[in-house]
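# would you be able to build a 3D model of this:
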Amino acid sequence: MPKNRNNRRNKMNMLPLFENTKVNVVQNNNFVEDFDVLVACEDTLKFLETIPDKTVELVVSSPPYNIGKSYEDRTVFKEYLGFQKQVIEECHRVLKSNGNFCWEVGNYMEKGEV
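Model prediction:
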């Protein structure tokens with residue numbers, strides 16, 4: 001479990017992003033029907049397993065960069081890539097055929113090389 005998961009979850013509850021809009025925003029750690037925006041702060045693979053195939057129009061994710069930040073647990077690079085591959089495969093599974101996938105990642109640097 002990431003070091004500050006509960007802290008991040010509490011901050012998400014206070015975000016005014018969709019205040020005073022008609023957008024149906026749901027915060028849940030399992031997939032639910034009938035929403036415009038579903039916000040989850042959960043183990044990624046555990047959450048993705050709750051989503052039926054070809055259900056989602058947009059996935060937005062910012063996975064851990066695995067660069068040793070104070071708020072993340074650094075793993076062996078090969079294991080990190082394996083985990084990211086699993087997540088990408090699950091995101092592909094849940095996306096509708098016309099869906100979009102926004103995957104925000106940082107640069108990986110080793111010995112001064114990107």
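
# any weak-confidence spans in the chain?
Applying pLDDT under 70 to the chain picks out residues 1-18, 65-69, 71, 107-114.

# for it, longest strand please?
strand 95-103 (DSSP state E).

# what pairs with that strand, parallel or antiparallel?
Applying DSSP bridges, strand 95-103 is found paired with strand 56-61 (parallel).

# contacts for the partner strand, please.
44, 87, 91, 94-96, 98-104 (CB atoms under 8 Å, 6 or more residues apart in numbering). Yep, even glycine has a C-beta here, placed from its N, CA and C like the rest.

# stretch 94-110 too?
In contact with stretch 94-110 (CB under 8 Å, 6+ apart) are residues 48, 51-63, 65-67, 77, 88, 91-92, 114.

# try it again at 6 Å.
By CB atoms under 6 Å, 6 or more residues apart in numbering, the list of residues contacting stretch 94-110 from outside reads 51, 54-62, 65, 91, 114.

# quick check: buried residues in that stretch?
94-95 (16 or more other CB atoms under 10 Å).

# can I get it as CSV, trimmed to CA atoms?
Provided in CSV are the C-alpha atoms of stretch 94-110 (Å, rounded to 0.1, in the frame of the first residue of the first chain):
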residue,chain,number,x,y,z
VAL,A,94,-12.3,-2.1,-19.9
LEU,A,95,-12.2,0.5,-22.6
LYS,A,96,-14.9,0.7,-25.2
SER,A,97,-13.7,0.3,-28.8
ASN,A,98,-13.9,4.1,-29.3
GLY,A,99,-12.5,4.8,-25.8
ASN,A,100,-9.5,6.9,-24.9
PHE,A,101,-6.6,6.3,-22.5
CYS,A,102,-4.6,9.1,-20.9
TRP,A,103,-1.5,7.7,-19.3
GLU,A,104,0.6,10.4,-17.6
VAL,A,105,4.1,9.3,-16.9
GLY,A,106,7.5,10.9,-16.2
ASN,A,107,10.8,10.3,-17.8
TYR,A,108,12.9,7.4,-16.5
MET,A,109,16.5,8.4,-16.0
GLU,A,110,19.5,6.1,-15.3
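
# noted, bye for now.
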